[in-house]
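[1] For reference, the sequence and a predicted model appear below.
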Amino acid sequence: MKTGRRDFLQASSLASLAGLVMPIGLRAQEAAARATRGMPSPRIKDITVIETEPGRRLEVVKILTDQDGLYGYGDATAGFRDELVKPAVEKYLKPMLLGQPTDRIEDLWHQCYYSSYYKNDTVLNSAIGGVDQALWDIKGRQVGLPVYQLIGGKCREAAQIYMHAGGTDPSAVVENAKKLVAQGVRYIHVDMGQGASVPTLGGQQGFDREAAIRHMLKIFETFRAEMPAEIGLGCDVHSKLDAQQAVQFCKDAEKFKLYFVEDPLSPEDLDYFRQIRQQCDTQIAMGELFNNPHEWQIVISERLIDYIRCHVPHTGGFTQGRKIAVFAEQFGVKTAWHAPMDMSPIAHTANLYLDLTSYNFGIQEYQEYTDPYREVFQGCMEIKDGYAWASDKPGWGIEVDEKAAAKFPFGSQPTDKTNPGGWRMSRLADGTSII
Ligand code: MG
């Protein structure tokens, strides 16, 4: 049927009029229906938190929708304050989210974020991060695509990983590094802390910062003398030094050409990154203790670090991680997301999907899954020849076996009653407490 200009104008006027009288919410729903080609928008029917301890304590948010068989999982683990996550999700976020459409992730993220009024708390951010990842999982399952396809697709085939080599002395570290290299790993990370034990005035086991520095430099020397030049070496200072020692350590480490020194400073000492930058070329990674945009904005925008390595769920989940990655790209800062075992394989997969889709990806931390992790989380990422590979399954590609999760009850492993589930603090020889 031929449509004239007058008919078109009439139709447009009617549509505009309808738009004026139609409530905003209905207009948005119509627009969403057109954008999704009429696919009904799932609505949140229930939210639960699965707690399990297949090695470390983990919390997983499960969101059920009103569509048969459509649900999603997200990691909400808040390390060392684990038991606070379940009430944060179930008592505070769930009542607000029930009945809301799952396809408005950005909107729901901000509703959750503003609902507490006070912002950037690790526990609350982790709760939001769990909900956020579960919503992305649902969106992927809804359309039958892995989440990386929803944000532009891969820009690389797989993600280069680094793994940790421990040991009480430099030769043991190198022997363990050789075992990893034999498995195809090309980047080896060593942690500051060995060879630094000292008795404290209070009769406890303490930490000698200067001894730790000397021990770490000895490891670097031994590693460079015995390992092939093409094997990458990095180290985690874990914010254990004072600021002046950290600046000097980065200068001393320069000649060993590390892929990065991680967390040489604590978030309280960010200004000292300028001194490190002015005095040496050692590459710097920072971010696992960040949960506030004011912390990462300055070090990225002033190019004071080379790698941003936030603990993505603690910043608010995949949505926030994506924004950090894009922000860092503008300043030539690469990503190296934190990936400890007190983070479920769902969050590790979210890291991997950021790695695969971010042009400024640098390197990915990886620790091998034990059998209990693989039993509870089916579909963990695979490692081949030193790279992490994604599956092409919808969402995160991971199913949580809740019966298996119940076999590893949350809180089943012994903990210090005076510091339940807490970080193992240390002390200097004079008794001063440090991280
Ligand atoms: Mg670290």
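    That came through, no problem. Note that the structure is a prediction, hence the values are computed from the model and not measured.
[2] Can you give me the distance of the closest residue to Pro409 other than its chain neighbours to Ala196?
    Leaving aside its sequence neighbours, Pro409 sits nearest to Glu53 (Cβ to Cβ, 6 or more residues apart in numbering; 6.4 Å). Heads up, the C-betas are built off the backbone N, CA and C, glycines and all. Going from Glu53 to Ala196 by Cβ to Cβ, to the nearest Å gives 29 Å.
[3] who's in contact with the most centrally placed residue in the chain?
    With distances taken as Cα atoms, centre = their mean, Val312 lies nearest the centre of the chain, 2.9 Å away. With contacts defined as Cβ atoms under 8 Å, 6 or more residues apart in numbering, Val312 is in contact with Gly129, Phe318, Gln320, Gly321, Trp337, His338, Ala347, Ala350, Asn351, Leu354.
[4] switch to 6 Å and redo it
    Gly321, Trp337 (Cβ atoms under 6 Å, 6 or more residues apart in numbering).
[5] Just the pLDDT at it, thanks.
    pLDDT recorded at Val312 is 97.
[6] burial measure for the nearest residue to Glu399 once chain neighbours are set aside, as a count.
    Counting by Cβ to Cβ, 6+ apart, Gln378 is the residue found nearest to Glu399 once chain neighbours are left out, at 4.7 Å. For Gln378, the neighbour count with other Cβ atoms under 10 Å is 13.
[7] what's Gln378 sitting at in phi/psi?
    Dihedral angles of Gln378 (phi, psi; degrees, to the nearest 10) stand at phi -90, psi 120.
[8] Could you list the low-confidence segments of this structure?
    Scanning the chain for pLDDT under 70 picks out 1-38.
[9] Could you chop it up by domain?
    Domains of the chain are assigned by automatic domain parsing as 44-146, 149-393.
[10] any chance of the ones you listed in a markdown table, with distance to Lys403 too?
    Formatted as a markdown table, the domains of the chain follow (distance: least, Cβ to Cβ, whole Å):
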| stretch | distance to Lys403 |
| --- | --- |
| domain 44-146 | 11 |
| domain 149-393 | 9 |
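[11] Select, out of those, the one closest to Glu399.
    Glu399 lies closest to domain 149-393 among the domains of the chain, at 4.7 Å (Cβ to Cβ).
[12] ends of that closest one, how far apart?
    11 Å (Cα to Cα, to the nearest Å).
[13] same question, stretch 181-197
    Per Cα to Cα, stretch 181-197 runs 29 Å from first to last residue.
[14] what does stretch 296-307 give?
    Stretch 296-307 end-to-end distance (Cα to Cα) = 11 Å.
[15] what comes into contact with it?
    Contacts for stretch 296-307 (Cβ under 6 Å, 6+ apart): 260, 273, 277, 283-286, 290, 308, 328, 331, 333-334, 336, 362.
[16] list the buried ones in that stretch?
    For stretch 296-307, burial by neighbour count (16 or more other Cβ atoms under 10 Å) applies to Trp296, Val299, Ile300, Leu304, Ile305, Asp306, Tyr307.
[17] Return the distance of it from the chain's centre.
    18 Å (Cα atoms, centre = their mean, to the nearest Å).
[18] cool, and stretch 261-277?
    20 Å.
[19] Numbering from 48 from now on, please.
    Sure, I'll start counting at 48 from here, so that last one is stretch 308-324.
[20] So which residues make contact with it?
    282-286, 290, 293-294, 297, 300, 329, 331-333, 336, 342, 346, 351.
[21] Next step: these restricted to helices.
    Ala290, Ala293, Val294, Cys297, Ala300, Glu342, Val346 (DSSP state H).
[22] As TSV, those with distance to Ala181 would be great.
    TSV is the format used below for these (distance: Cβ to Cβ, whole Å):
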residue	distance to Ala181
Ala290	39
Ala293	38
Val294	42
Cys297	40
Ala300	41
Glu342	26
Val346	30
